[in-house]
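Engineer: Structure of the sequence below:
(chains A, B, C and D)
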Protein chains: 2
Amino acid sequence: MEPNRPYHHGNLRQALLDQATTALRDEGVDALSLRELARAVGVSHAAPRRHFPDRQALLDALAIEGFERLGADIRAAASDGRDVDFEPTLQRCAHAYVTFATTDAALLELMFAGKHTDSVDSAADQSFAPILELILRGQAEGVFEHGDPERVGLMLLSTIHGIAALRNAGMIQPEQLDWLVDDAIAHFLRGSRDVVTHGVDGA
Amino acid sequence: MEPNRPYHHGNLRQALLDQATTALRDEGVDALSLRELARAVGVSHAAPRRHFPDRQALLDALAIEGFERLGADIRAAASDGRDVDFEPTLQRCAHAYVTFATTDAALLELMFAGKHTDSVDSAADQSFAPILELILRGQAEGVFEHGDPERVGLMLLSTIHGIAALRNAGMIQPEQLDWLVDDAIAHFLRGSRDVVTHGVDGA
DNA sequence: ACCTGAACACCGTTCAAGT
DNA sequence: ACCTGAACACCGTTCAAGT
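Structural biologist: You can find the predicted model right below:
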């Protein structure tokens, strides 16, 4: 829309990332080619190189954007009803995670592929921070399982992530999804009946 | 070694699968090319097509072999001490799962990629059968969490798989792995209280 | 039945050259 | 600084042809 941009874009980098995000959702990782991205954006096949030295750099950037969006989704779910009960807040966060994970399954795989650089790792830490905060709050209120928050957080994350992964693998059916997430949350709460052991009662 | 085999192999299919398994472990999925496989096995680049119509067919076959091996590993862990306590048996199974998953991280991704055919799904079901059996036994003995075994099984599987996935993504450190798995198991047991707190020393 | 060899379309990556 | 266009090596897939 501007008159004097160099060739085609003021911001080729973001245009490529946006196009890649769509293509990733529609076609999967394997179908994601730098050449086709360049074509779709209207630029020569060598142009992306200025912004992403190789294909992996593009994938890393996508993963970082993914973690940022995931973190924002979780944060939104957490602050949505900060003034109310702990359990539904935690549930909203978990469902936000699973919704993200199932909506952008290919992106999720990318984010957890583990081939990425340090910058991706720190983006991941950022996105999980609100979960840790929530756990601390739950422990302070006495409704969440005790123990080292770091480890309990990894445990909760593992469970929710595992549910999402099994769903994306087709091993969990859509109808089971919400149930399982709520069960998983209940597993980590103190005092809400028969979840693990059966909690509260003395002995 | 035989004198009169057609060109190079009596069993090209298995030779390709074996080579692929090694390459997968050493180089990852992206580096897995049919042409290089054919080369490594000493056959023309078009030869694999008789056995695997396309690349995905090879990946599916690898996934099936993976599930068979995983199932065998779990079954071995389960029957290793069938006559002793339930908890250590379950722990051995879970550790077998995680060991498999972290040793063959790329293969695990393939197995849970979800793009595969029905034959892969049934192989997956087969490999998880011993877990379900074990849960039934644990419930009968009254030491394992109650509830629909199908759902509790998915829950347990999600948790263990999630731990393995986060480990492969680099978000869980090697030293934390065993701890987390044992904690996860304890989470599903009845009567062994306050699992994730600090366990060993008296209250 | 099983494999070969050439061919096609596509890709990631590189680099001299343009503006 | 940012992009183009040609070039290179590699790949998956196809198919007529060999044994």
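
Engineer: Quick one: distance of whichever strand or helix holds residue A:106 to the chain centre.
Structural biologist: If you go by DSSP states H and E, residue A:106 is part of helix A:105-111. How far helix A:105-111 lies from its chain's middle: 9 Å, per Cα atoms, centre = their mean, to the nearest Å.

Engineer: so what does it touch, helix or strand wise?
Structural biologist: When contacts are defined as 3 or more Cβ pairs under 8 Å, 6 or more residues apart in numbering or on different chains; DSSP states H and E, helix A:105-111 packs onto helix A:12-27, helix A:55-79, helix A:149-168. C-betas here are computed from N, CA, C, even on glycine.

Engineer: what about that helix, near DNA strand C?
Structural biologist: No - Helix A:105-111 lies out of reach of DNA strand C by Cβ under 7 Å from any atom of the strand, never closer than 14.1 Å.

Engineer: which other residues reach that helix?
Structural biologist: A:21, A:24-25, A:28-29, A:59, A:62-63, A:66-67, A:70, A:100-101, A:120, A:124, A:164, A:168, B:109, B:113-114 (Cβ atoms under 8 Å, 6 or more residues apart in numbering or on different chains).

Engineer: Which among these count as buried?
Structural biologist: Taking 16 or more other Cβ atoms under 10 Å in any protein chain shown as the criterion, what is buried in the contacts of helix A:105-111 is A:21, A:24, A:29, A:59, A:62-63, A:66-67, A:70, A:100-101, A:120, A:124, A:164, A:168, B:109, B:113-114.

Engineer: correct me, but residue A:89 touches residue A:134?
Structural biologist: Yes - counting by Cβ atoms under 8 Å, residue A:89 does reach residue A:134; the two are 6.8 Å apart.

Engineer: picking up where we left off before, quick one: the helix or strand following the helix holding residue A:106 to helix A:149-168, angle?
Structural biologist: Later in the chain than helix A:105-111, the nearest helix or strand by DSSP H and E is helix A:118-141. Between the axes of helix A:118-141 and helix A:149-168, defined by axes from the mean of the first three to the mean of the last three Cα atoms, to 10 degrees, the angle is 110 degrees.

Engineer: So which other helices or strands are in contact with helix A:118-141?
Structural biologist: helix A:55-79, helix A:86-103, helix A:149-168.

Engineer: In terms of packing, which of residue A:89 and residue A:134 has more residues around it?
Structural biologist: Taking other Cβ atoms under 10 Å in any protein chain shown, residue A:89 and residue A:134 do not tie; residue A:134 has more neighbours (23 against 20).

Engineer: mind checking which of the helices and strands packed on helix A:105-111 is nearest DNA strand C?
Structural biologist: helix A:55-79 (4.0 Å; Cβ to the nearest atom of the strand).

Engineer: So is that closest one next to DNA strand D?
Structural biologist: No - Helix A:55-79 is not in contact with DNA strand D by Cβ under 7 Å from any atom of the strand; minimum separation 12.9 Å.

Engineer: Next, the buried residues of that helix.
Structural biologist: A:57-67, A:70-71, A:73-75, A:77-78.

Engineer: and it, how far out from the chain's middle?
Structural biologist: So, by Cα atoms, centre = their mean, the centroid of helix A:55-79 is 6 Å from its chain's centroid.

Engineer: same thing with stretch A:86-103?
Structural biologist: 10 Å.

Engineer: Give me the buried positions along it.
Structural biologist: Neighbour-count burial for stretch A:86-103 [16+ other Cβ under 10 Å]: A:86-87, A:89-98, A:100-102.

Engineer: and what of stretch A:25-39?
Structural biologist: By neighbour count on 16+ other Cβ under 10 Å, the buried set for stretch A:25-39 is A:29, A:32, A:34, A:37-38.

Engineer: export it as CSV, just CAs?
Structural biologist: Extracted in CSV, the C-alpha atoms of stretch A:25-39 (Å, rounded to 0.1, in the frame of the first residue of the first chain):
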residue,chain,number,x,y,z
ARG,A,25,-2.4,-25.4,9.6
ASP,A,26,-3.9,-26.4,6.2
GLU,A,27,-1.2,-28.6,4.7
GLY,A,28,1.2,-29.8,7.5
VAL,A,29,4.9,-29.3,7.9
ASP,A,30,6.0,-31.6,5.1
ALA,A,31,4.1,-29.4,2.6
LEU,A,32,5.8,-26.3,3.9
SER,A,33,8.4,-25.2,1.3
LEU,A,34,10.3,-22.0,1.3
ARG,A,35,9.9,-21.8,-2.5
GLU,A,36,6.1,-22.0,-2.4
LEU,A,37,6.0,-19.5,0.5
ALA,A,38,8.0,-17.1,-1.6
ARG,A,39,5.7,-17.7,-4.6
